[in-house]
Structure formats: structure tokens, C-alpha cells
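Peer 1: coords below, sequence missing:
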């Protein structure tokens, strides 16, 4: 169960995962050992899954951001099997299994149109895929991987 201190630690780490335990302890007015223990507990519980540097893809010439909608042949366990194949394609950074007429949404980044073409060819080489529709993103208006942390989670956990 998360409490207000856990939520504050998560907020601080999402803002800058390099924030030291000493700084967090100072900001929250709690002992460093408490911060250390809570971070370790949050990691073990799977609340914190890792810490990453936010890299600007354009500085690495990954200017082509695409969204591909994928329809696959339905069958037992197909979403895991096809999803794993999609995830292995170079440039793909997210694969989502969704409900409806489309089965997967795939997000990818590439240096150029040739990379996009190779990705599409890789999609077409997967036997279970029936159809794809790839869209190139022209401008990113908002992209923020952080999870909004609010006090409502405390009430929801208590209700469970």
C-alpha cells in the first residue's frame, strides 16, 4: 500500500531520477534510511520499474516517428506471439495490444524513410499479420512518459 511519503518520493524521482537519497530525505524531512528503504520496497513491489535518461531522439537523428495500426489473424495466444514478433523489429519502442478492429498499435522511431520502409517490410514478413496502416508523425504536441501521481490513489487503495 502506498502512502503520501511514497507518492512524494515517486513524484521527485519522476521529475529527476538522479535526485540523491539525501536530497529526497531533506525535501521530505525524513531520515535517509527511510527513503532508501521505501525506494527499495517500491522497486520490489514493481511500482518503480527502472530509471532512465530521457534522450532527445532528434539529437540521434531519429526524426521519423511512426504509428502503425496492425490487424492480425485471430487465434489462441496470437496476441502474445504476434506482439513479441512486432517488439523485435528494429526501431520499435512500444507495442500495445488493443480491443476492436485493430489488434496492435506499434510506435517506432527511425533515422529516415528507408528505416520506415524496412520496418513495414518486417511487418509484412510476419505470417499472422493481415493488414497494417502506418502513419508518420509530423509534429509532437505532447509526449510525457511520466505517470500522473495524485492523492486519489490513496483512497482507492483503502477501498480495496
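Peer 2: Yep, it's here. Nothing here was measured: the structure is a model prediction, and the numbers come from that model. Residues are numbered from 1 along each chain as shown.

Peer 1: Number of residues surrounding residue 63?
Peer 2: By other C-beta atoms under 10 Å, 13 other residues sit near residue 63. Backbone N, C-alpha and C define where each C-beta goes, glycine included.

Peer 1: Was I right to think it contacts residue 111?
Peer 2: Yes: between residue 63 and residue 111 there is a contact under C-beta atoms under 8 Å: 7.0 Å.

Peer 1: what stretches of this protein score poorly on pLDDT?
Peer 2: Within the chain, the ranges that satisfy pLDDT under 70 run 153-160.

Peer 1: can we see that at 90?
Peer 2: Filtered on pLDDT under 90, the chain yields the residue ranges 1, 52-58, 63, 144-160.

Peer 1: mind listing the helices in it by residue range?
Peer 2: 4-15, 21-28, 32-44, 78-87, 113-124, 152-159 (DSSP state H).

Peer 1: In the record's domain split, what are the boundaries for this protein?
Peer 2: 4-53, 57-136 (automatic domain parsing).

Peer 1: show me what contacts residue 74?
Peer 2: Neighbour list for residue 74: empty [criterion: C-beta atoms under 8 Å, 6 or more residues apart in numbering].

Peer 1: How about the backbone phi and psi for it?
Peer 2: phi -70, psi 140 (degrees, to the nearest 10).

Peer 1: Look up how far residue 103 lies from it.
Peer 2: 8 Å (C-beta to C-beta, to the nearest Å).

Peer 1: got it, and residue 21?
Peer 2: 43 Å.

Peer 1: next one: residue 113
Peer 2: Distance from residue 113 to residue 103, by C-beta to C-beta: 25 Å.

Peer 1: Also residue 137?
Peer 2: From residue 137 to residue 103 the distance is 21 Å (C-beta to C-beta).

Peer 1: between those two, who's got more neighbours?
Peer 2: Neighbours per residue, other C-beta under 10 Å: of residue 137 and residue 103, the larger number sits with residue 103, 24 against 14.

Peer 1: show me the contacts for that one.
Peer 2: With contact set as C-beta under 8 Å, 6+ apart, residue 103 has these partners: 70, 71, 72, 78, 79, 82, 97.
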